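>>> Everything below, folded, please.
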Amino acid sequence: MTDDFCRPAGDSGSKQLMTVISEVREPPFREVEWDLSELLSEPAGPEVERRLRELDQRVRSFEGRRAELTPEIDPAALVAILEEYESLFEEMRVLSAYGRLRFAADTQSAEPLNWRNRIEHALTALYNRVLFFTLWWKGLDEEPAAALLERIADPDHRHFLADLRRLKPFTLDERSEQIINHKNANGVEGLLTLHSMLTSRLEFELEVDGERRTMTRDELSSHYFSNDAAVRAAAYRELFRVIDREAAVLGQIYVHRVRDWHTEYVEVRGFDSALAVRNTINDIPGEAVAALLEAVAEHGELFRRYFRLKAGFLGLDRLRRYDVYASLAASERRIPYDDAVRQVLATLADFHPQVAELAARVFEHGHIDAQIRKGKKGGAFCATVLPRQTPWLLLNYTGRVRDVATLAHELGHAVHSMMAAEHSVLTQSPSLPLAETASVFAEMLLTERLLEREKDPGVRRELLASAVDDFYGTIMRQSYFVRFEMAAHRALIDGASAADLDQLYLDNLSEQFGASVEVAPEFAREWLIVPHFYLTPFYCYAYSFGQLLVLALYQRFKREGESFVPGYLRLLGRGGSARPMEILAEAGVDAGDPDFWRGGFEVVAAMIDELEALPAD
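Predicted structure coming up:
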């Protein structure tokens, strides 16, 4: 197999890449812990106390402006108050982000946890004191609010204020909102902290190459892609062996998460359903989400056809659930982190130098933590704090080829944030479904780069299968996660227990796979280990949305070439400064049209067609 991750890019990409990485201070790239000093120089000492005192004084001053908030307020005075609110929001966001990022890097030590808890408690109290401003605005009658909006010149301020008005029907009185904020900080947020602590401390044992090893969940999960069927099955069985010991606790955390979600949002705030909460937060019409979920279900047979094909590649009569992500590679090569970074930057540079330059800032500024460490939060994420700051990225890099795709994905998020950095902290971040655009597009660029350079049929089979595996994981699996959540929330509110959800999840898997995949009974507990179910209910359709959107955009890119790039960069540059459907309409996308979603599957089908047509070994 040609080692494309380790060889130089083509001439154009190489020249652009050399310009990009020459700006990075300390190549080679290393999996070091991130640098948070831009947020706070020291976690303890006089700086923290000084900043909290100053914040308290500024909040006290802001509270004095309450009397100015009347329907007759001058637009200039409203803007001045909004700018003061924005500045307070920035400072609170910095302190909160520092605590959360420090805790993510080490979930098991007492000091980061205690520091974060103390700061969150202080910030909740401070935020409750400035809450009156947004509550006044949401409660203002339609006519004076519209008149004021017309006279707000800054588009970010205008959009922020207009967007707040969407939540008016679900907003409570000031005292109730303050109580809910305290309830969340001391209740469900504490529960989710315990979830992170519990899941991050778990250790697993697996025999690899004759050696018994102790590993983190991210290290264990890297073996789901092994080309050894016995290792794949052993990795999953070890996962569930350990998870079974914690199932009762994890199940109770989820039950209380669901009940809290239902009580606050459905019973108290008046949302139609648990899913409607996420749709409203995302500002995506329920009809568009329903069209997306239906389109995915309609194309289930496409993926089932692929699973039958993959079983043949692996020499199996039928794929087992253990084998869904099995690699078709002849060897289990590992990609050094330094090579992975350079390959991803080269890929982005080939697309557009500015994109690669922005991605390189993450390394230049020391804003990435890719080490595997006991106690570190698992998975990967990109954290945007302020528009003027480079985002922070967390990875758990094990050296698998898929880890390179994850690196491209998270750097895509960072680029998206930096492209939108001209906007206010209040409008920089896009809605969750649009937030997956740049990340998934970066992965597509990486896949296409590898396919363009590879002519060997065996290697192309591996690359195509890996891409379709990812499409399944991002489109169908995530969509069915949401279907499970919808059923689970209804069942728990109707009186079901956590144990009852096991059968619901098996039914969900049966609907996904049909007869194409054999599902072992232990997968009934898989729902317990999906972090988004706990942390951000119904998030997962954002991945399906983003992947199918990107497939449509990528088809356009292949047709239009360089003329596509300016419009795409404009889309990223919009961030959250307009409503998602408006941003999509500017890009020629109608997310409410089922045919739009169906179109994205054409790329998947073409890859499966090529896999079927490749000559046998």
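
>>> Please tell me how far Glu142 sits from Leu149.
Going from Glu142 to Leu149 by CB to CB, to the nearest Å gives 10 Å. The C-beta positions use only the backbone N, C-alpha and C, and glycine is treated the same way.

>>> In contact with Glu205, which residues?
Contact partners of Glu205, counting by CB atoms under 8 Å, 6 or more residues apart in numbering, are 212-215, 238.

>>> likewise Ala578?
Contacts of Ala578 by CB under 8 Å, 6+ apart are His159.

>>> Equivalent analysis for Leu135, please.
171, 173-174, 177.

>>> Just to be sure, it is in a strand?
No. Counting by DSSP: H, G, I helix; E, B strand; the rest coil, Leu135 falls outside a strand, being helix.

>>> Next one, pLDDT for it please.
As predicted, Leu135 sits at a pLDDT of 98.

>>> swap in Ala616?
In this prediction, Ala616 has a pLDDT value of 64.

>>> and the residue most central in space within the chain, how far is that from Ser41?
Taking CA atoms, centre = their mean as the criterion, Phe381 is the residue nearest the geometric centre of the chain, at 6.2 Å. Distance, Phe381 to Ser41, using CB to CB: 24 Å.

>>> Then Phe132?
33 Å.

>>> if you count what's nearby, which of the two comes out ahead?
Comparing Phe132 with Ser41 by other CB atoms under 10 Å, the one with more neighbours is Phe132, at 17 against 10.

>>> need the contact list for that one.
Taking CB under 8 Å, 6+ apart as the test, what Phe132 contacts is 63, 66, 69, 174.

>>> number of nearby residues for the second one?
Look at Arg66: counted by other CB under 10 Å, it has 12 neighbours.

>>> Same question for Thr171.
The burial count for Thr171: 17, using other CB under 10 Å.

>>> From Glu86, how far off is it?
Counting by CB to CB, the gap from Thr171 to Glu86 is 20 Å.

>>> Relative to Ala438, which of the contacts of Glu205 is nearest.
Met215 (31.4 Å; CB to CB).

>>> Quick check: bridge partners of the closest one?
Assessed by DSSP bridges, Met215 has beta-bridge partners Phe204.

>>> ok, back up a step: just the buried members of the contacts of Glu205?
With burial judged by 16 or more other CB atoms under 10 Å, the buried subset of those is 215, 238.

>>> ok, of the contacts of Glu205, which one's closest to Asp260?
Glu238 (31.9 Å).

>>> Check the spacing between that closest one and Leu220 real quick.
6 Å.

>>> Touching, Glu246 and Leu202? I think so.
Yes. Counting by CB atoms under 8 Å, Glu246 touches Leu202, with 7.3 Å between them.

>>> Name only those of the contacts of Phe132 that count as buried.
Leu69.

>>> mind listing which of the contacts of Phe132 are in helices?
Of the positions in these, 63, 174 sit in helices, assigned by DSSP state H.

>>> Rebuild the contacts of Phe132 as TSV, extending it with pLDDT and distance to Glu90.
Output for these, formatted as TSV (pLDDT from 0 to 100; distance: CB to CB, whole Å):
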residue	pLDDT	distance to Glu90
Glu63	98	18
Arg66	97	21
Leu69	97	21
Glu174	97	23
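
>>> Would you reformat the contacts of Phe132 as a markdown table and include distance to Ala465?
Output for the contacts of Phe132, formatted as a markdown table (distance: CB to CB, whole Å):
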| residue | distance to Ala465 |
| --- | --- |
| Glu63 | 60 |
| Arg66 | 61 |
| Leu69 | 59 |
| Glu174 | 56 |
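
>>> For Ser479, state which of the contacts of Phe132 is nearest.
Glu174 (38.8 Å).

>>> Quick check: Phe204 vs Phe533, distance?
21 Å.

>>> what about these two, which has more around it?
Neighbour count, other CB under 10 Å: between Phe204 and Phe533, Phe533 has more, with 25 against 19.

>>> following the helix or strand containing that one, which helix or strand shows up next?
Element membership of Phe533, judged by DSSP states H and E, is helix 531-535. Helices and strands here follow DSSP H and E; after helix 531-535, the next one along the chain is helix 541-560.

>>> Give me the buried positions along that next one.
Neighbour-count burial for helix 541-560 [16+ other CB under 10 Å]: 541-554, 556-557.

>>> What mean pLDDT does stretch 589-606 get?
Computed over stretch 589-606, the average pLDDT equals 85.

>>> what's that stretch in contact with?
Contacts for stretch 589-606 (CB under 8 Å, 6+ apart): 284-285, 287-288, 291-292, 294-296, 298-299, 302-303, 468, 471, 475, 545, 547-549, 551-552, 554-555, 580-581, 584.
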